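Chemist: Fold the following, please.
(one chain, ligands or ions: 1)
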Amino acid sequence: MEIKKLLIIIFIAGILLACNSTTPEIIPMAVVPSSQQLAYQEMEMIGFIHFSINTFTDKEWGYGDESPELFNPGNLDVEQWAKTAHDAGMKQLILTAKHHDGFCLWPSEYTEHSVKNSPWKNGQGDLVREFVDACHKYGLKVGLYLSPWDRNHKNYGKPEYINYYRNQLTELLTNYGEISEIWFDGANGGDGYYGGANEIRKIDRKTYYNWDSTFKLVKRLQPDIIIFSDAGPGCRWIGNEHGIAGETNWSTIKGDSLFIGASKQAYLNTGDSEGTDWIVGECDVSIRPGWFYHQTQDDQVKSLHDLINIYYGSVGRNGLLLLNIPPDQRGLIHENDVQRLKEFSAFLKSSFDENVASDKNASASNYRGNLDLYHPNKMLDEDKNTYWATDDDILKSSVEIDLGEPAQFDLIVLSEFIALGQRVTSFTVEAVHDDHWHIIAKGTTIGYKRILKVQKTKTNKLRLNILDAKSCPLITSFELFEEAVINIQ
Ligand code: FUL
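Modeler: Below is the predicted model of the structure:
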């Protein structure tokens, strides 16, 4: 009896060893994210703060001749911005330290066109410092926007301006602790004040800034920073200002084919399955029609429905949502915007609260080496580090999910284990209804997160079919939720 037991144990151990030795390690895709890019994408939703001289002149683009005297927020409370963002579920805020008008929100030693010549705090204030402190207080990461175009500076368009621009970058990236993202806007060159010249200045967008050297400087000062621009290299513009990524959205593009301000919008919107660089799409959009606050837009704050669609179109399509919430002339985020953000975060919390597929049972047509490590149940365990994987030569495969009792949902959330690259190119989801399988959702890319809004469905059995992938699919989650009922007058 004892010998029999021993033999059985040796036999099982032998099988396990054999499986392990014949199951090759998963080979990462040629293009994978850096650890900073992974952390960046996990933030999912971040905020933009457009606040500057334009807030006081009621403009979107200042000409550059505005007097610093105009900058005078009477009730400025940067902590209110940070608290509002934090309560809305944002993980980072990006401030327009300098917009196209050249006015600086910190007392830069290289220009007089800044808060130091404003009545605000008798010229003693530093809004970047207050911003950084408030973000830290609310556990938010800090990002800064430094407009490459400067309609105030007399040397804009000449080589000397590049030194000025880099000096300012150095100030911002040296004196304020860790900066997680730097935003390089694509709008560049045109008419402006330019120190009194009042003329049109055009630059060669491809060569003028010598971006490669500027990026090196940025990385030297802040090694972990994410650099945003049309061409990355940290994250890319999604190609529109509506906050909507392509239905197909690869986190890879051919970065070399682009430069800042000469974007190919459709290309940026979908990414490129053959891309040679990992550059995630960032979906920027304002909660109001304008980027800056205008009193006339107080009743044009986006509706909850709009925000929900933006969320599904950005976070739900493998992108990051960058939502702009512009403070008003008091220096506060307006009550209407705060109220809408409250509704939005309440909606998200209650919609994504209960995953009815959690810890249920799944079976797959194939799982890698028949190892438990890659069993399809790993998609249902709510652990983002475990995943269902297939054998190397299996690019088409299905998982059946048994919910036990029928459950109701109208949101499906899928995720790939992107640390090893983005793989899936086509999939469907089916549900059993009246004893038949029906397709309830289909799509192309998945990536970090794919949210599919479907008809309200009640079933106990579903099937995820991976129809094609660039390499063996690695699916870390399959979740089912029911959207919260919106009850707003
Ligand atoms: C654009 C700018 O011209 C707008 O003013 C705004 O800052 C937006 C986020 O980027 O390119």
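Chemist: what stretches of the stretch 351-489 of the chain score poorly on pLDDT?
Modeler: 487-489 (pLDDT under 70).
Chemist: Now it against the ligand: closest residue?
Modeler: Tyr448 (22.7 Å; CB to the nearest ligand atom). Any C-beta I mention is one placed from the backbone N, CA and C, and that applies to glycine too.
Chemist: Could you count how many residues lie near that residue?
Modeler: Using other CB atoms under 10 Å, the number of residues around Tyr448 comes to 24.
Chemist: Look up how far Ser257 lies from it.
Modeler: 23 Å (CB to CB, to the nearest Å).
Chemist: Repeat that for Glu60.
Modeler: From Glu60 to Ser257 the distance is 30 Å (CB to CB).
Chemist: Same question for Trp120.
Modeler: Trp120 is 44 Å from Ser257, by CB to CB.
Chemist: Same question for Val399.
Modeler: 37 Å.
Chemist: out of these two, which sits in the busier spot?
Modeler: For the pair Val399 and Ser257, the greater number of neighbours falls to Val399 (25 against 13), based on other CB under 10 Å.
Chemist: okay but the more buried one is in contact with Lys378, surely?
Modeler: No: applying CB atoms under 8 Å as the test, Val399 and Lys378 come out as separate, 10.3 Å apart.
Chemist: Spit out the residues that contact these two alike.
Modeler: Trp388 (CB atoms under 8 Å, 6 or more residues apart in numbering).
Chemist: Any stretches of the protein with poor pLDDT?
Modeler: 1-21, 262-263, 487-489.
Chemist: go with 80
Modeler: 1-22, 257-263, 487-489 (pLDDT under 80).
Chemist: out of everything not next to it in sequence, what's closest to the residue nearest the centre of it?
Modeler: By CA atoms, centre = their mean, the chain has its centre lying nearest to Leu320, at 1.8 Å. Sequence neighbours aside, Glu282 is the residue nearest to Leu320 in space, at 4.8 Å (criterion: CB to CB, 6 or more residues apart in numbering).
Chemist: and if you look at Thr214?
Modeler: Closest to Thr214 by CB to CB, 6+ apart is Arg166, at 6.4 Å.
Chemist: Next: Tyr164.
Modeler: Tyr110 (5.8 Å).
Chemist: give the contact list for that neighbour.
Modeler: Applying CB under 8 Å, 6+ apart, the residues contacting Tyr110 are Tyr164, Asn167, Gln168, Glu171.
Chemist: Name the residues linked to Val285 by a beta bridge.
Modeler: With DSSP bridges as the criterion, Val285 is bridged to Leu323.
Chemist: wait, I meant Arg463
Modeler: With DSSP bridges as the rule, Arg463 is bridged to Glu400, Glu430.
Chemist: I figured it hits Ser397, correct?
Modeler: No: applying CB under 8 Å as the test, Arg463 and Ser397 come out as separate, 10.8 Å apart.
Chemist: Counting neighbours around each, name which of the two comes out higher.
Modeler: Ser397 (22 against 18).
Chemist: Now do the same contact list for the more buried one.
Modeler: Ala364, Ser365, Asn366, Thr390, Asn465, Ile466, Pro473.
Chemist: of those, buried ones?
Modeler: Ala364, Asn366, Thr390, Asn465, Ile466, Pro473 (16 or more other CB atoms under 10 Å).
Chemist: Name the residue of the stretch 251-400 of the chain that lies nearest to the ligand.
Modeler: Trp291 (4.3 Å).
Chemist: wait, is that residue part of a helix?
Modeler: No: assigned with DSSP: H, G, I helix; E, B strand; the rest coil, Trp291 falls outside any helix and is coil.
Chemist: Excluding chain neighbours, give the residue nearest to it in space.
Modeler: The nearest residue in space to Trp291 (CB to CB, 6+ apart) is His50, at 4.4 Å.
Chemist: which non-adjacent residue is nearest Leu304?
Modeler: Glu343 (5.0 Å).
Chemist: Kindly spell out which helices and strands sit in contact with the strand or helix carrying that neighbour.
Modeler: Assigned by DSSP states H and E, Glu343 falls within helix 335-351. Packing partners of helix 335-351 (3 or more CB pairs under 8 Å, 6 or more residues apart in numbering; DSSP states H and E): helix 78-87, helix 304-314.
Chemist: of all those helices, which lies closest to Tyr194?
Modeler: helix 78-87 (31.0 Å; CB to CB).
Chemist: hmm, the helix or strand following that closest one in reach of the ligand?
Modeler: Downstream of helix 78-87, the first helix or strand assigned by DSSP H and E is strand 92-98. No: using CB under 6 Å from any ligand atom, strand 92-98 never reaches the ligand; the gap is at least 6.6 Å.
Chemist: which ones are touching Leu102?
Modeler: Not quite, residue 102 is Gly, not Leu. Applying CB under 8 Å, 6+ apart, the residues near Gly102 are Gly62, Gly64, Thr111, His113, Ser147, Asp150, Arg151, Asn152, His153.
Chemist: Residue numbers of this structure in contact with the ligand?
Modeler: Near the ligand, when you scan the chain using CB under 6 Å from any ligand atom, you find Glu60, Asp185, Gly186, Ala187, Asp284, Trp291.
Chemist: Now do the SS call for the closest residue to the ligand within the chain.
Modeler: Per CB to the nearest ligand atom, Ala187 is where the chain lies closest to the ligand, at 3.8 Å. What three-state DSSP gives for Ala187 is coil.
Chemist: Just give me the neighbour total for it.
Modeler: The burial count for Ala187: 13, using other CB under 10 Å.
Chemist: The one 5 residues further on now?
Modeler: Counted with other CB under 10 Å, the neighbours of Gly192 add up to 26.
Chemist: This structure: helices as residue ranges?
Modeler: With helices called from DSSP state H, the chain shows them at 2-22, 35-42, 53-57, 78-87, 127-137, 159-175, 211-221, 265-270, 304-314, 335-351.
Chemist: got a markdown table for these, with mean neighbour count too?
Modeler: What follows is those, written out as a markdown table (neighbours: other CB atoms under 10 Å):
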| stretch | mean neighbour count |
| --- | --- |
| helix 2-22 | 10 |
| helix 35-42 | 17 |
| helix 53-57 | 22 |
| helix 78-87 | 21 |
| helix 127-137 | 21 |
| helix 159-175 | 17 |
| helix 211-221 | 15 |
| helix 265-270 | 18 |
| helix 304-314 | 20 |
| helix 335-351 | 17 |
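Chemist: between these, which gets nearest to Ile440?
Modeler: Closest among the helices of the chain, using CB to CB: helix 304-314, at 15.9 Å.
Chemist: what residues are up against the residue nearest to the centre of the chain?
Modeler: By CB under 8 Å, 6+ apart, Leu320 lies in contact with Tyr40, Gln41, Met43, Glu44, Met45, Ile46, Cys235, Val280, Gly281, Glu282, Cys283, Ser314.
Chemist: Return the subset of those residues lying in strands.
Modeler: Met45, Ile46, Cys235, Val280, Gly281, Glu282, Cys283 (DSSP state E).
Chemist: Quote the end-to-end distance of stretch 192-203.
Modeler: 13 Å (CA to CA, to the nearest Å).
Chemist: Contacts for it, please.
Modeler: Against stretch 192-203 from outside (CB under 8 Å, 6+ apart): 63-65, 100, 150-157, 188-191.
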